[in-house]
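Chemist: everything below, folded, please.
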Amino acid sequence: MEFGSWIKKRIAGEDIPLGVPKERQNLNGLILEEAIAYHIAWRERWLTALREHRGSEFDVSQVSSDAVCQVGKWIYNEGASLAKYPEYDHFRVLHAKFHQCAGKIVSLHQKGHFLDAFATVSDELMPLSEEVGLSLGALLEASQR
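Modeler: Sure, this is the predicted structure:
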């Protein structure tokens, strides 16, 4: 299966295996399938907390930081060796936008703007989530050329 179509299906909620050996998914220690699963789990964990009105459990600055999550730590450490690829910078920027959007949602939620928070999830966060995944797949493909 092609990375892009698999990523779109996974981000949309389909639990399907990639069917590509891990060595072909490896980006300097970040395995595509594992990174996408982690991204989805992180997103769903905090969205569930927001739905349950537990938004106060989150620190907006932590959620907004693109360097705190597992993928962010990789970006600024092992992943930095891929900076020679334009796809790396594109992925890094989209990942940061995703976290900024997530922080905005938590902030809205904490201020009691629940409808605005959930509108931002569907209008901004979910499309960004897909873009982040697709850009990671593009970086993997570029690094294997």
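
Chemist: so which helix or strand takes in the residue nearest the centre of the chain?
Modeler: Nearest residue to the geometric centre of the chain (Cα atoms, centre = their mean): residue 39, 4.6 Å. According to DSSP states H and E, residue 39 maps onto helix 32-51.

Chemist: which helices and strands sit right next to that helix?
Modeler: Identification of packing neighbours for helix 32-51 by 3 or more Cβ pairs under 8 Å, 6 or more residues apart in numbering; DSSP states H and E yields helix 3-11, helix 22-25, helix 70-75, helix 86-110, helix 126-143. No exception for glycine: its C-beta is placed from N, CA and C like everyone else's.

Chemist: which of the residues in the helix or strand that comes right after it are classified as buried?
Modeler: Going down the chain from helix 32-51, the next helix or strand is helix 60-64, by DSSP H and E. Buried residues in helix 60-64, counting neighbours by 16 or more other Cβ atoms under 10 Å, are found at 60, 63, 64.

Chemist: contacting residues around residue 32?
Modeler: By Cβ atoms under 8 Å, 6 or more residues apart in numbering, residue 32 lies in contact with 3, 18, 20, 25, 136, 137, 140.

Chemist: quick one: low-confidence parts of the protein?
Modeler: Counting by pLDDT under 70, the ranges of the chain that qualify are 1.

Chemist: residue furthest from the geometric center of it?
Modeler: Max distance from the centre of the chain (Cα atoms, centre = their mean): residue 112, 25.2 Å.

Chemist: related to what we said a few turns ago, mind putting the helices and strands packed on helix 32-51 in a markdown table, distance to residue 32 and mean neighbour count included?
Modeler: Below are those laid out as a markdown table (distance: least, Cβ to Cβ, whole Å; neighbours: other Cβ atoms under 10 Å):
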| stretch | distance to residue 32 | mean neighbour count |
| --- | --- | --- |
| helix 3-11 | 7 | 18 |
| helix 22-25 | 4 | 12 |
| helix 70-75 | 11 | 18 |
| helix 86-110 | 12 | 20 |
| helix 126-143 | 5 | 20 |
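
Chemist: so which of those helices is nearest residue 52?
Modeler: Smallest distance to residue 52 across the helices and strands packed on helix 32-51 (Cβ to Cβ): 10.9 Å, for helix 86-110.
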